[in-house]
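**Student:** could you look at this predicted model? Sequence included:
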Amino acid sequence: MTSQLEAMQAALAAEHAAIWAYGVIGTYAAATRRPAVSAAEQTHRVRRDQLETLIVAGSAIPNPGLAAYQLPSPVTDPTSAIVVAGQIEEGLTAVWRFALGNCDTSTTRVFALNALIDSSVQSLAWRQVIEGNAALLHPFPGQSA
Amino acid sequence: MHVFPAQLSNRGYRRAPLIEHLAGGKLYSMTRYSDAEQIQASRDQPSRRGFLALAGAIVGASAAGCTVGRPGSTGSRTRAPDPLTQLLTEHASLRDSYDATIRAIGTLGVRLAPLKSNLEQHVAALAAALARKPPPPAAAASVSSAAAASSGAPIADPVAAIAALRAAESSLQQKTMSYVPNSAADRVGLLGSIAACHACHQIVLQ
């Protein structure tokens, strides 16, 4: 059984990684996509800060981010940048669904729930950029197959 | 709650199975049967005091919506419905709305079929979650009867039909989210994923 604190620290690590990834994505994204990339990155910065506050409120020290991360696939051009953005958000849905299942207060559950919903929606939005109407609609975002 | 001691007095033969239930941890922490009522029950049948206190706790827990009791047992008929039953019914209703829209406006079929399929999976998953705890007797019936309840005005305008489905998805997302703070831990992840799916459906129904 994972504790709520462990789940929150794991989610924080994933948010650190997402913020770093969006830095790379923003470098390669087409100019027309950059406002959306910046907005998504800002969403994760806000969530990271709120998460750190929640962890501190639980009398723990938030784990710091790393200097660099391995991307799920190479980012070399505007298309691959958006593909990776979709992968990052999809990965976060799994992280937040796991966190949600291990939250034991109303506050943390609602926080994890909103993060799960946001990442699901953002993942779909990025996948629609690449795949259009063919983008898959998962029945249970974040649930492992 | 005041369904015994007459009901209990003829259940003495069940003593061993009832104790097994208790020992198996199936009472959870939901026994809300009051001490005063247990004591009164004991006084009514002093020779069975010990057994009545135990059985009374089990009947009380059943009446409070707990998950004690096997299908067909007398106590399970008094159980309050699992709150998830209502959510299951509303998902079945939205599934039926997709079905009705696709039948009325065939050109929307390709676009709406994946969404309807997701709703079918939500219905199945919620029914499975209910089945893991003993379901109320009416659960299956309410799922299949939702189709009749959801038939309303004829569906003709594609724009209005999509807007109606989007509103229904939004409403059901909020409803599903409202279950998250107070649901059992083993249901929270499923409810969160279903709520997230409703949010995604609203995007493709723009």
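**Tutor:** Ah, there it is.

**Student:** contact residues of chain A facing chain B?
**Tutor:** Residues of chain A that fall close to chain B, judged by C-beta under 8 Å from any C-beta of the partner chain: A:93, A:96-98, A:100-104, A:106, A:109-110, A:112-113, A:116-117, A:119-121, A:124-125, A:128, A:133, A:136-143. Every residue, glycine included, has its C-beta placed from N, CA and C.

**Student:** out of those residues, which are buried?
**Tutor:** A:93, A:96-98, A:100-103, A:109, A:112-113, A:116-117, A:119-121, A:124-125, A:128, A:137-143 (16 or more other C-beta atoms under 10 Å in any protein chain shown).

**Student:** out of the residues you listed, which are inside strands?
**Tutor:** Among these, none falls in strands (DSSP state E).

**Student:** okay, and which of the residues you listed map to helices?
**Tutor:** When these are checked against helices (DSSP state H), the matches are A:93, A:96-98, A:100-102, A:109, A:112-113, A:116-117, A:119-121, A:124-125, A:128.

**Student:** give the contact list for the residue nearest to residue A:74 when sequence neighbours are not counted.
**Tutor:** Leaving aside its chain neighbours, residue A:74 sits nearest to residue A:80 (6.3 Å; criterion: C-beta to C-beta, 6 or more residues apart in numbering or on different chains). Neighbouring residues of residue A:80 by C-beta atoms under 8 Å, 6 or more residues apart in numbering or on different chains: A:28, A:73-74.

**Student:** okay, residue A:80: pLDDT?
**Tutor:** Per-residue confidence at residue A:80 stands at 98 (pLDDT).

**Student:** from residue B:111, how far off is it?
**Tutor:** Using C-beta to C-beta, to the nearest Å, we find residue A:80 at a distance of 28 Å from residue B:111.

**Student:** who touches stretch A:37-44?
**Tutor:** Against stretch A:37-44 from outside (C-beta under 8 Å, 6+ apart): A:15, A:18-19, A:22-23, A:25-26, A:29, A:81, A:85, A:89, A:118, A:122.

**Student:** tell me the mean pLDDT for that stretch?
**Tutor:** 98.

**Student:** check stretch B:167-186 too.
**Tutor:** For stretch B:167-186, mean pLDDT rounds to 97.

**Student:** check which residues of that stretch are buried.
**Tutor:** Buried residues in stretch B:167-186, counting neighbours by 16+ other C-beta under 10 Å, are found at B:168-169, B:172-173, B:176-177, B:179-180, B:183.

**Student:** same check on stretch A:13-25?
**Tutor:** Residues A:13-22, A:24-25 are the ones in stretch A:13-25 that count as buried (16+ other C-beta under 10 Å).

**Student:** quick one on the thing from earlier: in helices only, show me the contacts of stretch A:37-44.
**Tutor:** Among these, the members found in helices (DSSP H) are A:15, A:18-19, A:22-23, A:25-26, A:81, A:85, A:89, A:118, A:122.

**Student:** could you dump these to CSV with distance to residue A:44?
**Tutor:** As requested, those are exported to CSV (distance: C-beta to C-beta, whole Å):
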residue, distance to residue A:44
A:15, 5
A:18, 5
A:19, 5
A:22, 7
A:23, 11
A:25, 11
A:26, 12
A:81, 16
A:85, 11
A:89, 9
A:118, 9
A:122, 9
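
**Student:** out of those, which one sits closest to residue A:48?
**Tutor:** residue A:15 (4.4 Å; C-beta to C-beta).

**Student:** and the residue nearest to the spatial centre of chain A, what does it touch?
**Tutor:** Nearest to the mean C-alpha position of chain A, by C-alpha atoms, centre = their mean, lies residue A:92 at 3.8 Å. By C-beta under 8 Å, 6+ apart, the contact list for residue A:92 reads A:14-15, A:18, A:115, A:119, A:123.

**Student:** for residue B:98, see how far away the residue lying farthest from the centre of chain A is.
**Tutor:** Among residues of chain A, the one most distant from the C-alpha centroid is residue A:59; the distance is 24.2 Å, by C-alpha atoms, centre = their mean. Using C-beta to C-beta, residue A:59 is found at 47 Å from residue B:98.

**Student:** swap in residue B:165?
**Tutor:** Separation of residue B:165 from residue B:98 (C-beta to C-beta): 7 Å.

**Student:** pretty sure residue B:109 sits against residue B:102.
**Tutor:** Yes - at 4.8 Å, residue B:109 counts as touching residue B:102 under the criterion of C-beta atoms under 8 Å.

**Student:** more crowded one of the two?
**Tutor:** The residue with more neighbours, out of residue B:109 and residue B:102, is residue B:102; 20 against 13, by other C-beta atoms under 10 Å in any protein chain shown.
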